[in-house]
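> below are the sequence and a predicted model; questions follow.
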Amino acid sequence: MIAALLAADETRFILPHAVEMIFGSIAFFILFGFLTWKVFPQVNKTLAERSNKIREGLEKSEEAKSEAERLLEQYRRQLDEARGDAQKIIEESKRTAESLRQELVAKAEKEAQDIVTRARADVAGEAERAKQQLRAELASLSLELARRVIERELAQPESAREFVERTIQELAATASPGGNGRTS
């Protein structure tokens, strides 16, 4: 059984012969040395370049992000200033419009007052002309009436004498400073 176990041990592990092991190890170390001497530096250089590009890209993106944030803040400030300016312009426009409205109302009130004043003056002038016309007509009618009354009075001799005496007395009373225009 022991012999069977030993025989089984030899078949369980397959090991190369010692010469193969030596040549394989030498080839491995030569290949490893060549890779270390030529390939690994190139791979490391490529990895370093790639790492530098990534780092530079990250730095540039950080700078761009910072610049974008700065510009965004600047644009926000400008927008706030523009909104403030727009609000000031709106307020100024409202004040100007109110001032203009008040001026127009005052001007319209003055024009209305001038129209009323002219209308009153026209009415007063027309009333004065109408009064003068009425006075002239009244004077004309009074003279006509007086002429007819005098003609009738003078047509009767007794009443003509009374009329003349009464008229003389009235004229005398009117001419005296303290007279009331009548005789007793």
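Ah, there it is.

> run a quick neighbour tally on Glu165.
Residue crowding around Glu165 was assessed by other Cβ atoms under 10 Å; the count is 11. Where C-beta positions appear, they are placed from N, C-alpha and C, glycine not excepted.

> remind me what the longest helix that the chain contains packs against, helices and strands.
The helix spanning the most residues in the chain, taking DSSP state H as the definition, is helix 40-155. Using 3 or more Cβ pairs under 8 Å, 6 or more residues apart in numbering; DSSP states H and E as the contact test, the elements touching helix 40-155 are helix 157-175.

> tell me the mean pLDDT for the helix it packs on?
With pLDDT averaged residue by residue, helix 157-175 scores 78.

> mind giving me the packing neighbours of it?
Contacting helix 157-175 under the criterion 3+ Cβ pairs under 8 Å, 6+ apart are the following elements: helix 40-155.

> run the chain-centre distance for the helix it packs on.
Relative to the mean C-alpha coordinate of its chain, helix 40-155 is positioned 10 Å out (Cα atoms, centre = their mean, to the nearest Å).

> now that helix against helix 157-175, angle please.
With axes from the mean of the first three to the mean of the last three Cα atoms, to 10 degrees defining the directions, helix 40-155 sits at 130 degrees from helix 157-175.
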